[in-house]
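Colleague: my questions are about this predicted structure, shown below with the sequence.
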Amino acid sequence: MNLNEYRVNTAFDLEQEAVPKYQAIASELALTIRNGQLAAGEKLPPHRVLAHRLGVTTGTVSRAYASLERLGLATARVGDGTYVRNLDTDTVGSTTSPQTAPIDLAHNVAIPTDEVHALRLAFTQLGQDPERLAEVLRYQPETGTKRHRAAGAQWLRRFGASGAAKRVLVTHGAQHALAGVLRTIARPGDTLLAESLSYPGMLSLARSLRLQVIGLEMDDDGLLPDALDRAAQTFNTKLLFCAPTLHNPTTGTMSAARRHDIAAVIKRRGLFLMEDVVHAAILDKPPAAISTLVPAQSFLMSSMSKVMAPGLRVGYLEASPEWLDKVAASIRTDCWMVAPLMPEIATYWLESGEAQRLIDLQRERIGERLALARSALAGIDFRWSHHHPHLWLPLPPPWRAGPFAATLRQAGVLVRTADQFAAGRTPSPNAVRISLNTVSSPEQLVIGLRAVVSVLRNPPASVAGV
């Protein structure tokens, strides 16, 4: 393998460095990334290759790459290697002032609506009930209090769930729920099946648990049943993660017929389904979750972070009672219990109607921004869905996702490249995700989208000549 194609400097003298070797390697790679010699989406040298060239152990290179991940400069994909990430103010510790900060079309955060007022109402109500106020400062069952679980069961009914509180566990968000499930049903070395483009938080969690993620082929209707069936046989696995409604990043929603086909494979192969319906909560009437078709083999996970407030770390997990108790034991080991104050706020919002009011406001804001985006990107082929705050933009030749994102960053706009969602060894499509919900104002959104159009239509000679 020719290391020159990576443009990584391997000529510096590690013996002359005053810091540990892994730190010296990480610093040199960081410099190479920050000066643009390695663009977003490019693959770093394999551990063994770089270790041989530098005369160090693979463990040293692994520690160097781990340092790059902590700095937000690289991301590791299980079974595939380590890739350069997009550089932005949140991941590389930039001191850019708010006045010159990039326009953020990369992150995925609920649009501020009236959640501060809703929080004041919850605190006022709580302050008027001394017993309930004292209750949130006491130890709670690891599954959550009966009242909080009942509120969670009511919330999950919007996805067609059973509504039985005994099947519901309260968590610190959907990521916490997923971590509890995977720690319960998976072991290091197990294989986890997922859509070829999948939730980055799941990919990071799988990597930390030493799980092998296999990306499965999709079409416009979502995960392909035949691909799932073949993979379940080939890899002899029981684990499946899926987000069939308002998929992140492609924005698609699976049809009812496809959901029944996927459920049939799950039943036939004895799979355990971990279903993410976080984004689906924005819909007034979400389609019934696949989990409703295989209730004994499913873990349905939802949260409020994407439709109300990102700081409200409350999630709900529905599963069969025997599995729920096992997941609760994992949570007890992890954090003993979910701190009850936030579930109390969420419960008040659900019982009082504030939750629905905030969702309605969020849907309205997303609709406004989607209208602006469709106007700003008129004539450009992209994928979108009603009420979903993302756009999926396939890139025409000669653009590639990494150089496109890097050029946009230089123009002051941040987006996410497809490789950050790629599961396992699945090749990344040549596309980017544009988020409409993080940018501070509609005016800034229009400016950012106009920059996207300008860059898209005016590739530099260095790109056009490739």
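Modeller: Here it is on my side, so go on.

Colleague: which residues does the residue nearest to Asn236 when sequence neighbours are not counted bridge with?
Modeller: Computed as Cβ to Cβ, 6 or more residues apart in numbering, the closest residue to Asn236 that is not its neighbour in sequence is Thr191, at 7.8 Å. Quick note: C-beta positions are derived from backbone N, CA and C, even for glycine. Taking DSSP bridges as the rule, Thr191 bridges to Gln212.

Colleague: got the domain ranges for the chain?
Modeller: The record assigns the chain these domain ranges, following automatic domain parsing: 3-84, 103-108+356-464, 115-352.

Colleague: okay, those in JSON lines with mean pLDDT next?
Modeller: As requested, these are exported to JSON lines (pLDDT from 0 to 100):
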{"stretch": "domain 3-84", "mean pLDDT": "76"}
{"stretch": "domain 103-108+356-464", "mean pLDDT": "93"}
{"stretch": "domain 115-352", "mean pLDDT": "95"}
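
Colleague: any chance of a markdown table for those domains, columns mean neighbour count?
Modeller: Below are the domains of the chain laid out as a markdown table (neighbours: other Cβ atoms under 10 Å):
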| stretch | mean neighbour count |
| --- | --- |
| domain 3-84 | 17 |
| domain 103-108+356-464 | 19 |
| domain 115-352 | 20 |
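
Colleague: give me the distance between the two termini of stretch 281-296.
Modeller: Start-to-end span of stretch 281-296 (Cα to Cα, to the nearest Å) is 22 Å.

Colleague: neighbouring contacts of that stretch?
Modeller: Identification of contacts with stretch 281-296 by Cβ atoms under 8 Å, 6 or more residues apart in numbering yields 158-162, 242, 244-246, 253-254, 256, 259-260, 262-263, 266-267, 273, 275, 277, 280, 298-300, 302-304, 306-307, 318, 320, 359, 362-363, 366, 387-388.

Colleague: re earlier: you'd agree the residue nearest to Asn236 is up against Gly215?
Modeller: No. Counting by Cβ atoms under 8 Å, Thr191 does not reach Gly215; the two are 11.4 Å apart.

Colleague: identify the residues contacting Glu344.
Modeller: Ala122, Leu126, Arg132, Val136, His148.

Colleague: go with 7 Å
Modeller: Neighbour list for Glu344: Leu126, Val136 [criterion: Cβ atoms under 7 Å, 6 or more residues apart in numbering].

Colleague: next one: stretch 444-455 to chain centre, how far?
Modeller: 24 Å (Cα atoms, centre = their mean, to the nearest Å).

Colleague: and for stretch 372-381?
Modeller: Per Cα atoms, centre = their mean, the centroid offset for stretch 372-381 relative to its chain is 25 Å.

Colleague: could you export it as CSV, CA atoms only?
Modeller: Only the C-alpha atoms of stretch 372-381 are listed here, as CSV (Å, rounded to 0.1, in the frame of the first residue of the first chain):
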residue,chain,number,x,y,z
LEU,A,372,-37.7,28.2,2.9
ALA,A,373,-35.4,25.3,2.0
ARG,A,374,-37.6,24.1,-0.9
SER,A,375,-37.6,27.7,-2.3
ALA,A,376,-33.8,28.2,-1.8
LEU,A,377,-33.0,24.8,-3.4
ALA,A,378,-35.5,25.1,-6.3
GLY,A,379,-34.2,23.1,-9.3
ILE,A,380,-31.9,20.9,-7.2
ASP,A,381,-32.6,17.3,-6.6
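
Colleague: which residue is the nearest non-sequential neighbour of Ala319?
Modeller: Nearest residue to Ala319, sequence neighbours excluded (Cβ to Cβ, 6+ apart): Phe299, at 4.8 Å.

Colleague: next: Pro249.
Modeller: Arg433 (3.8 Å).

Colleague: name the helices or strands packed onto the strand or helix carrying the one you found?
Modeller: Here Arg433 sits within strand 431-435, counting by DSSP states H and E. Judged by 3 or more Cβ pairs under 7 Å, 6 or more residues apart in numbering; DSSP states H and E, strand 431-435 is in contact with strand 390-394, helix 401-410, strand 416-417.

Colleague: before we move on, back to that, tell me how far the residue nearest to Pro249 lies from Thr237.
Modeller: Separation of Arg433 from Thr237 (Cβ to Cβ, to the nearest Å) stands at 27 Å.

Colleague: before we move on, what about Thr251?
Modeller: Relative to Thr237, Thr251 is positioned 28 Å away (Cβ to Cβ).

Colleague: also Ile33?
Modeller: On the measure of Cβ to Cβ, Ile33 and Thr237 end up 35 Å apart.

Colleague: who's in contact with the closest residue to Leu224 other than its chain neighbours?
Modeller: Once flanking residues are discounted, Leu224 sits nearest to Glu217: 5.0 Å by Cβ to Cβ, 6+ apart. Residues in contact with Glu217 (Cβ under 7 Å, 6+ apart) are Ser196, Leu224, Ala227.

Colleague: how about Leu312?
Modeller: Taking Cβ under 7 Å, 6+ apart, we find Leu312 in contact with Met304, Ser305, Met342, Ile345, Ala346.

Colleague: quick one: which of those is nearest Arg450?
Modeller: Closest approach to Arg450 among the contacts of Leu312 (Cβ to Cβ): Ser305, at 29.3 Å.

Colleague: wait, is the closest one part of a strand?
Modeller: No. Membership of Ser305 in a strand is not supported by DSSP: H, G, I helix; E, B strand; the rest coil, which gives coil.

Colleague: CA-only coordinates of stretch 271-280 in PDB, if you can.
Modeller: Provided in PDB are the C-alpha atoms of stretch 271-280 (Å, rounded to 0.1, in the frame of the first residue of the first chain):
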ATOM      1  CA  LEU A 271     -34.300 -11.600  15.700                       C
ATOM      2  CA  PHE A 272     -34.500  -9.000  18.400                       C
ATOM      3  CA  LEU A 273     -35.600  -5.600  17.000                       C
ATOM      4  CA  MET A 274     -34.300  -2.400  18.500                       C
ATOM      5  CA  GLU A 275     -36.600   0.200  16.900                       C
ATOM      6  CA  ASP A 276     -35.900   3.900  17.000                       C
ATOM      7  CA  VAL A 277     -39.000   6.200  16.800                       C
ATOM      8  CA  VAL A 278     -37.400   9.400  18.100                       C
ATOM      9  CA  HIS A 279     -38.000  11.500  15.000                       C
ATOM     10  CA  ALA A 280     -41.400   9.800  14.400                       C
END
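
Colleague: circling back to that earlier point, give me the sheet partners of the helix or strand where the residue nearest to Ala319 lies and which way each runs.
Modeller: Using DSSP H and E, Phe299 falls within strand 298-303. Each strand paired with strand 298-303, and its direction, by DSSP bridges: strand 272-276 (parallel), strand 315-318 (antiparallel).

Colleague: right, and those strands - which one's nearest Ala76?
Modeller: Closest to Ala76 of those is strand 272-276 (Cβ to Cβ; 21.2 Å).
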